[in-house]
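> Provided below are the primary sequence and the corresponding predicted coordinates.
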Amino acid sequence: MTAYPNVFSPIEIGGTILRNRIAHAAILTRFVTDGRATDRLINYHSNRARGGAGMIVTEPVAMIGSNKDPGRLRAYDDAEMDSLRRLAEVVESEDCRLLGQVQDPGRGRHEVGRNDAAIGVSPLPDDLSWTVPHVLQVRDIDRVIGEWASGCRRLRDAGFSGVELSAGHGHLFHQFLSPRSNRREDDYGGDLEGRTRFLRELIAAIRAECGRPFIIGAKLPADDGVDGSIDMIEAAAIAAKLAATGEVDYWTFAWGAHANSLWTHLPNAYGERAPYLAAIAELASVAPGIPVGALGYITDPNEAEQAIESGLAQFVFLGRPLITDPAWPEKARTGREADIRYCVSCNTCWRSIIDGSRLECDNNPRVAEPDEAFGKPRPAAQSKRVVVVGAGVAGLEAAWVAAARGHDVTVLGASDEPGGKTRLHAELPGGENLSSIYDYQYLAGKKHGVRFELGVSAGLDTVLDRDPETVILATGSRMRAPDLIPHEFIEARLIEDLRSFIVPFIGRTAQEDGRVVLIDRDHTEMTYAAAEVLAQNFANVAIVTPRERIASDCALVNRQQIYQRLYDRGIEILTALEPVSLDDLEDGRLKLANVWSGVEAWLEDIVAITYSTAREPNDQLLEPLQADGIEVLTVGDCHAPRSLLASTRQGYQIGKAI
Ligand SMILES: Cc1cc2nc3c(=O)[nH]c(=O)nc-3n(C[C@H](O)[C@H](O)[C@H](O)COP(=O)(O)O)c2cc1C
């Protein structure tokens, strides 16, 4: 008996039975090389099928000859059928239905810079990259529809159960639907009839080519957040028109477009959970017979159960949560919710694929390993006494993995609670989900017999007293004060680093007079979350950075949201500027200079300065321990200041290696 009877009941979609109501939303992985599924891609999907998903939608498959992106699976000719068959076989053999995604980016491009190969609807620029596409003529449209239909047939022949048309997020199909991007005066533009014609013809062609049962799903635009484009009323009208084809077997709806609203397709902890559920149900109500998948920031099995039990959706899509834990479904079904590694909605995954590397996750260091879903760390050849100094995420990851391998592990943590600096971030706006990382690690450590000695400020003797054979130094880092700030100021705590300065303001809304200056040489998420807390406590907050913009170490989708929130809160963003003199600080004035021209500017009314800067490792114990002949490994920031992603990954690797 499961606690989620609705989630774990079968459903029929387009004449095909799914074993449960959990679908893996399409995720670009960058695990495709030369148009072929790599072992990594096979591992990725087979683990998610084994982990219990009822259906998996792949990343977009190349089906038209003009899209020869080597990073896409190929279905535009018969050459890669073996690769497609192999993928279908590993997924379908686990009683999980596999669907290929049908999509072309059109003029849409996330990176700065034009895409010369783009095809599109009208000669208008993409709102993000300003790419102007080559416009498809009517005869091109006939051709590409034929190519897509043939591509879908190849997927069917390879063993796929269906396809999903991706018409949200501002890609080509969306560009046809939107009155903002579609200014055609032929049959494929103009009114609703014209703008939906392309998709209606595509759906009809796929059905004619693939027959039934073959699932045709649709990811349609909801409010895309762009003026003159698609709002909820237009989205409902589009949905009704496509439903009238009678060929859409399921649907879901996505927010955002290729514009400043792109981030809205990835909701996170700054807002409520499952924020789009009611609106998705509203859009789907135009054709109640079509099963609708809930989508967007559903991370917990209870949320999934609720979505279905309430009748708002018939099944749920999980995108990021299944990147973090492929066995989410099976763990939920069998009452092992505490064993789930939960998505923390940091969007590091999105950043990893957009930056051109491969899919990675802050809270899953094992994405696409062969035994990712249910594998256990391999036992160590010989058990050792291991002391981990530091209870941040790097140290905790190393500790639980080492203990799971049979080592005798003690963790010494300076704070009373585990989590290190990630714990501080978790207390800031938008950070709450981060606790899932260290909560999981701590519980896993306890389960595998790690001894936690927290609230212990470990010096050399404290460590040596535990008689370690191996020490893992995970003692983090400290922010390096800008050279301009005199040492006496730091000593007297007149000017503090952001991580110390912010603590008394968390949970307060004081609105004190004056301006706080935040010197930003960090550009990660936490700095801006802290800036928001400062804005709740001071009349003015100014972020000063020497770079040409802020948040450059964040995913584009996060950066957009950061800008939105900072501007909404009236926080000043001052770029290409460095503080150059503190001489007038007593009068509340700070002298800045432009980093290129040297032209000076003044900030007035200053009541405090804080800095968020590159960090330096707290590795003071390294040499003394080595001098004692002990094997010492450094991890996380103590090794070299790094991201959360790099910290959990390195912690895992060290735990696995010792
Ligand atoms: C790393 C990443 C890659 C994605 N790739 C695609 C894609 O190729 N096609 C697509 O339609 N959506 C893509 N999405 C959007 C997801 O399918 C989904 O709509 C979104 O993540 C919201 O669901 P979630 O909150 O469960 O993650 C991607 C999202 C992420 C995070």
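Okay, I see it.

> list the contacts of whichever residue of the chain sits closest to the ligand.
Nearest residue of the chain to the ligand: residue 319, at 2.8 Å (C-beta to the nearest ligand atom). Using the backbone N, CA and C atoms, a C-beta is placed for each residue, glycine as well. For residue 319, the contacting residues are 24, 25, 26, 27, 295, by C-beta atoms under 8 Å, 6 or more residues apart in numbering.

> now intersect those with the strands, please.
Within the contacts of residue 319, residues falling in strands by DSSP state E are residue 24.

> near the ligand too, which of the contacts of residue 319?
Subset of the contacts of residue 319 in contact with the ligand: 25, 26, 27, 295, counting by C-beta under 6 Å from any ligand atom.

> hmm, the last one is touching residue 280, no?
Spelled out, it's residue 295. Yes - because the distance of 6.6 Å satisfies C-beta atoms under 8 Å, residue 295 is recorded as touching residue 280.

> list the residues that contact both of those two?
Common neighbours of residue 295 and residue 280 are listed as 252, 253 (criterion: C-beta under 8 Å, 6+ apart).

> show me the helices in the stretch 101-250 of the chain, by range?
Counting by DSSP state H, counting those that start in this stretch, residue ranges of the helices within the stretch 101-250 of the chain are 138-158, 172-177, 192-210, 232-243.

> helices or strands up against the second one?
Contact partners of helix 172-177 among helices and strands, from 3 or more C-beta pairs under 8 Å, 6 or more residues apart in numbering; DSSP states H and E: strand 119-120, helix 192-210.

> okay, the helices of the stretch 101-250 of the chain, which one's buried deepest?
Here the criterion is mean neighbour count by mean count of other C-beta atoms under 10 Å, and of the helices of the stretch 101-250 of the chain the winner is helix 172-177, at a mean of 28.

> list of residues touching that one?
Helix 172-177 is contacted from outside by 103-108, 119-122, 165-168, 181-182, 188, 195-196, 198-199, 202, 221, 224, 230, 238, 257, using C-beta under 8 Å, 6+ apart.

> what does the stretch 301-450 of the chain put close to the ligand?
Applying C-beta under 6 Å from any ligand atom, we find that the stretch 301-450 of the chain lies next to the ligand at 317, 318, 319, 320, 321, 349, 350, 353.

> check whether the first one sits in a helix, strand or coil.
Right, the one you point to is residue 317. The three-state assignment at residue 317 reads strand, by DSSP: H, G, I helix; E, B strand; the rest coil.

> quick one: the strands in the stretch 51-200 of the chain?
In the stretch 51-200 of the chain, the segments counted as strands under DSSP state E, counting those that start in this stretch are 55-62, 73-74, 97-102, 119-120, 134-135, 162-166.

> got the buried residues for the helix or strand bottoming out on mean pLDDT in the chain?
Confidence across the helices and strands of the chain bottoms out at helix 487-491, with a mean of 90, counting by mean pLDDT, DSSP states H and E. Neighbour counts using 16 or more other C-beta atoms under 10 Å place residue 489 of helix 487-491 among the buried residues.

> which helices and strands sit right next to that helix?
Packed against helix 487-491, as judged by 3+ C-beta pairs under 8 Å, 6+ apart, are no other helices or strands.

> contact partners of that helix?
Surrounding helix 487-491, the residues in contact under the criterion C-beta under 8 Å, 6+ apart are 481, 494, 495, 496, 582.

> re the thing from before, can I get the helices and strands packed on helix 172-177 in TSV including mean pLDDT and distance to residue 605?
As requested, the helices and strands packed on helix 172-177 are exported to TSV (pLDDT from 0 to 100; distance: least, C-beta to C-beta, whole Å):
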stretch	mean pLDDT	distance to residue 605
strand 119-120	96	49
helix 192-210	98	52
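
> does residue 457 touch residue 415 like I think?
No - the pair residue 457 and residue 415 fails to qualify as a contact (C-beta under 8 Å) at a distance of 9.5 Å.

> tell me which parts of this structure are close to the ligand?
Taking C-beta under 6 Å from any ligand atom, the part of the chain that reaches the ligand is made up of 25-28, 59-60, 101, 166, 169, 219, 254, 265-266, 295-298, 317-321, 349-350, 353.

> now the two most distant members of the contacts of residue 319.
Between any two of the contacts of residue 319, the greatest separation by C-beta to C-beta is 12.4 Å, found for 27 and 295.

> in terms of neighbours, single out the busier of the two.
Between residue 27 and residue 295, counted using other C-beta atoms under 10 Å, the more crowded position is residue 295 (27 against 21).

> show me what contacts the more buried one?
By C-beta under 8 Å, 6+ apart, the residues touching residue 295 are 25, 219, 252, 253, 254, 276, 280, 316, 317, 319.

> quick check: the gap between it and residue 209.
For residue 295, the distance to residue 209 (C-beta to C-beta, to the nearest Å) stands at 27 Å.

> also residue 456?
With the distance defined as C-beta to C-beta, residue 456 ends up 67 Å from residue 209.

> before we move on, what about residue 336?
Distance from residue 336 to residue 209, counting by C-beta to C-beta: 43 Å.

> equivalent analysis for residue 221, please.
Here the criterion is C-beta to C-beta. By it, residue 221 lies 25 Å from residue 209.

> can you map out the helices along the stretch 501-650 of the chain?
Taking DSSP H, counting those that start in this stretch as the criterion, the stretch 501-650 of the chain carries its helices at 525-537, 556-568, 622-627, 644-657.

> out of the ones you listed, the one nearest residue 288 is which?
Once C-beta to C-beta is applied to those, the stretch that comes out nearest is helix 556-568, at 32.4 Å.
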